[in-house]
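1. structure, please.
(2 chains)
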Amino acid sequence: MVKVERIDLQKEGLTKFFSPNEVRILEILWDRGPMTSAEISEELEDLSHAVVGGTLDRLVKSAFVERTVDEGGKRLRYIYSPVGGRDDVGIKISERVIDSLYETFGDATLSALGRVERKGGSK
Amino acid sequence: MNGLECFYVCLVAAGIVLPLIVLTAVTAGLFMAYRWGRGVKPLFGAQLMLTVMISSSLASMDCYMSTWVWVYLGAILGGVIVIGLLRTWNGSRLKSDSLGRFDALSDLEEEFHVDIVVLDAQRARALAYKDTVYLSVGLLERLDDDQLRAVVAHELYHLETRSPRMLSSFLALTSLTFLRYSDEGEADAYAARMVGMEAIAGALEALRIRDRKERAAVLLQQA
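-> Residues are numbered from 1 along each chain as shown, chains lettered A, B, ... in the order given. So this is what the prediction gives:
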């Protein structure tokens, strides 16, 4: 969900910001593009439909994944796609974290960011 | 001092304020357990706790017995009002979760003479509220035609019997009557009659309803 207060820097990779199931679904959507929930569930055999469904609902609510209703078939179904790629997620999360840091530390945050930028530039 | 203040002083003098708070919490917990579908035993437990509360206060207090009647009636009225507000709130949330009606479901609507509104959720949800059956997209994805018809029939039963379940359970609790609202089972039986037992049992299984095994067993017994 990426709530700033829930971020756990001890964890690995994207699980710092998302639950493990959310990361697995995001990775699948980034790799394979628009999919139905049945197709996503096929990739996640160890998870029940209820868990996959709940996770998808949360990802849509937090706007990292979007869905459209497909009326083409006999029934309705959702088609899921990621909102932006990995970089976009990186930007979105960074903005949220930096906003929170700036709110707390003010200009100190900016000078720290300046240092990060210089380090990045010398790479 | 007015009547209620006297009543409170009398409660304190009898030394039962804390026990009453604990018992109220236990009663509420048991009642919620019943509402979350843990069988009828928690309801009986809650009613037993209520009886203990009332009788022990009557036995230990020396004054203002009649105030108990007013306090109790006030609690019932308050509960009914809170449940009514919750219902209204749930209704407005339902509206904001709705995607509206779809042509793909018009055959079903005609067959059962009911409006079907689609809920915007991948989680499987089916519910009946004010003349309308609500089904989530996730539910539609996971059921075959007969299973879906059975779910609609099940919800239709709720609409036709119009039983506000929270309210009827609350009144059963506070009136100490052992009227139990087991309408899930009755709605299943209705769906089995309208569509078929395999269809409703299959739907319970496909949706992984928590008490699906018990409910299917009850259906089998009735058949």
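2. so the one residue in chain B that gets nearest to chain A: helix, strand or coil?
-> Scanning chain B for proximity to chain A using C-beta to the nearest C-beta identifies B:Gln122 as nearest, at 4.0 Å. To be clear about C-beta, it is placed using only N, CA and C from the backbone, and glycine gets the same treatment. At B:Gln122 the chain is in coil, as set by DSSP: H, G, I helix; E, B strand; the rest coil.
3. show me where chain B has its strands.
-> Using DSSP state E, the strands of chain B run over residues B:98-100, B:115-119, B:126-129, B:132-136.
4. average pLDDT for the shortest one?
-> Translated: strand B:98-100. Here strand B:98-100 scores 92 as its mean pLDDT.
5. so what's residue 4 scoring on pLDDT?
-> This is for chain A. At A:Val4, pLDDT is 69.
6. that's the wrong chain, I meant chain B
-> 75.
7. now swap in A:Ser48 and tell me
-> Reported pLDDT for A:Ser48: 87.
8. residues near it, how many?
-> Using other C-beta atoms under 10 Å in any protein chain shown, the number of residues around A:Ser48 comes to 11.
9. tell me how far it lies from B:Ala124.
-> Distance of A:Ser48 to B:Ala124, computed by C-beta to C-beta, to the nearest Å: 11 Å.
10. of the strands of chain B, which is nearest A:Arg24?
-> strand B:132-136 (22.4 Å; C-beta to C-beta).
11. hmm, who's touching that closest one?
-> B:94, B:98, B:105, B:112, B:114-128, B:148, B:151-152, B:155-156, B:159 (C-beta atoms under 8 Å, 6 or more residues apart in numbering or on different chains).
12. can you rerun that using 10 Å?
-> Residues from elsewhere that reach strand B:132-136, judged by C-beta atoms under 10 Å, 6 or more residues apart in numbering or on different chains: A:53, A:57, A:76, B:94, B:97-99, B:101, B:105, B:108-109, B:112, B:114-128, B:142-143, B:148, B:151-156, B:158-159.
13. my guess is the residue of chain B closest to chain A contacts A:Ile79. True?
-> No - with contact defined as C-beta atoms under 10 Å, B:Gln122 does not count as touching A:Ile79 (11.7 Å).
14. ok now the lowest-mean-pLDDT helix or strand in chain A, how far from the chain's centre?
-> When the helices and strands of chain A are scored by mean pLDDT, DSSP states H and E, helix A:107-122 comes last with a mean of 80. Relative to its chain's centre, helix A:107-122 lies at 25 Å (C-alpha atoms, centre = their mean, to the nearest Å).
15. with stretch A:11-28 instead?
-> That offset, for stretch A:11-28, works out to 7 Å (C-alpha atoms, centre = their mean).
16. overlap in contacts of A:Ser48 and B:Ala124?
-> Common neighbours of A:Ser48 and B:Ala124 (C-beta under 10 Å, 6+ apart) are B:Arg208.
17. just the buried residues of stretch B:9-18, please?
-> B:10-11, B:14, B:16 (16 or more other C-beta atoms under 10 Å in any protein chain shown).
18. let me fix that: stretch A:77-86
-> A:77-80, A:82.
19. where are the low-confidence patches of chain B?
-> By pLDDT under 70, the low-scoring segments of chain B are B:1-2, B:37-40, B:63-65, B:162-164, B:178-182.
20. so which residues of chain A form helices?
-> A:20-32, A:37-43, A:49-61, A:86-105, A:107-122 (DSSP state H).
21. Provide the contact partners of stretch A:108-119 at residue level.
-> Contacts to stretch A:108-119, defined as C-beta under 10 Å, 6+ apart, come from residues A:94, A:97-103, A:105.
22. out of these, which are close to chain B?
-> Subset of the contacts of stretch A:108-119 in contact with chain B: empty, counting by C-beta under 10 Å from any C-beta of the partner chain.
23. hang on, the earlier thing: check the burial of the residue of chain B closest to chain A by counting its neighbours.
-> By other C-beta under 10 Å, the residues close to B:Gln122 number 28.
24. look up the closest residue to the residue of chain A most remote from its centre, ignoring the ones flanking it.
-> The C-alpha centroid of chain A is most remote from A:Lys74, which lies 31.3 Å away (C-alpha atoms, centre = their mean). Among residues not flanking A:Lys74 along the chain, B:Ala104 sits closest, at 7.2 Å (C-beta to C-beta, 6 or more residues apart in numbering or on different chains).
25. then A:Glu71?
-> Closest to A:Glu71 by C-beta to C-beta, 6+ apart is B:Ala104, at 5.9 Å.
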